[in-house]
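Student: quick check, what structure comes out for this input:
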Amino acid sequence: MNFLAHIYLSFGDKEITIGNFIADSIRGNKFKHLPPRVQQGITLHRHIDTFTDTHDIPKISSKRLHKNYSHYSRVIVDIFYDHFLAKNWSRYSDIPLAVFVDDFYDLLEDNYTILPDGVKRMMPYMIADNWIYNYSKMEGIAKVLNGMNRRTKNKSKMNFAILDLEEHYADFEKEFTLFFEELIIFSQQKFKSL
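Tutor: You can find the predicted model right below:
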């Protein structure tokens, strides 16, 4: 899953949210200097990723993209799934998406000193362009995919995946909806056991 899902699946716990968000920037066990609850957020993130990577439904979504994008197809699915979470946000939260995202940006700024350097570098762009809120729009997803393609020096061709999203929109949305119901239950159980 991508940024929005990991933030959402932290269930309002601020320190868990920080850990869940920064986990991709942390290698191995190089997080023991962080507050315990932030460490638990990193662990939760890794459980969510393992559950997602081994689940049949995201594999179906990924297979649809694999011919054109090879190993990048899993990353693209994560982005697509965040789009459907943002688009259908009111189904999952009583807090408006704009408020939820603004609160998250405030949380990042309040905890700036403990963020990994990569997150610190990315943060101003993420906030200025409101990446997370703009996942709800096709233009926002197109912009993310273009950025990811640039990061791969145009090798991934991920910028073209917006066409796949348009062509198979209903299938991807159905797969996301079914999968996310299971992921919420899984994540709640892991959250309670932290």
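
Student: wait, what's in contact with the nearest residue to residue 130 once chain neighbours are set aside?
Tutor: Leaving aside its chain neighbours, residue 130 sits nearest to residue 101 (7.0 Å; criterion: CB to CB, 6 or more residues apart in numbering). To be clear about C-beta, it is placed using only N, CA and C from the backbone, and glycine gets the same treatment. By CB atoms under 8 Å, 6 or more residues apart in numbering, residue 101 lies in contact with 130, 132-133.

Student: so where do the helices sit in this structure?
Tutor: For the chain, the helices defined by DSSP state H cover 3-8, 14-22, 36-54, 56-69, 73-87, 89-92, 97-110, 117-128, 131-134, 138-151, 161-167, 169-193.

Student: output these as JSON lines; include the columns mean pLDDT.
Tutor: Shown next, in JSON lines, are these (pLDDT from 0 to 100):
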{"stretch": "helix 3-8", "mean pLDDT": "98"}
{"stretch": "helix 14-22", "mean pLDDT": "98"}
{"stretch": "helix 36-54", "mean pLDDT": "97"}
{"stretch": "helix 56-69", "mean pLDDT": "97"}
{"stretch": "helix 73-87", "mean pLDDT": "97"}
{"stretch": "helix 89-92", "mean pLDDT": "98"}
{"stretch": "helix 97-110", "mean pLDDT": "98"}
{"stretch": "helix 117-128", "mean pLDDT": "95"}
{"stretch": "helix 131-134", "mean pLDDT": "96"}
{"stretch": "helix 138-151", "mean pLDDT": "95"}
{"stretch": "helix 161-167", "mean pLDDT": "98"}
{"stretch": "helix 169-193", "mean pLDDT": "98"}
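
Student: quick one: closest of the ones you listed to residue 30.
Tutor: Of all these, helix 36-54 sits nearest to residue 30, with 9.9 Å by CB to CB.

Student: and the angle for the closest one with helix 73-87?
Tutor: Between the axes of helix 36-54 and helix 73-87, defined by axes from the mean of the first three to the mean of the last three CA atoms, to 10 degrees, the angle is 110 degrees.

Student: and for helix 36-54, what are the contacting residues?
Tutor: Here helix 36-54 makes contact (CB under 8 Å, 6+ apart) with 1, 5-6, 9-10, 13, 15-24, 26, 31-32, 34, 58, 74, 78, 114, 179, 183, 186-187, 190-191, 194.

Student: quick revisit: buried ones only from the contacts of residue 101, please, as a PyMOL command.
Tutor: Command for PyMOL, covering only those of these found buried under the criterion 16 or more other CB atoms under 10 Å:
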select buried, resi 132+133
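
Student: dump the contacts of residue 101 into JSON lines; add distance to residue 141 as well.
Tutor: Below are those laid out as JSON lines (distance: CB to CB, whole Å):
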{"residue": "130", "distance to residue 141": "13"}
{"residue": "132", "distance to residue 141": "12"}
{"residue": "133", "distance to residue 141": "12"}
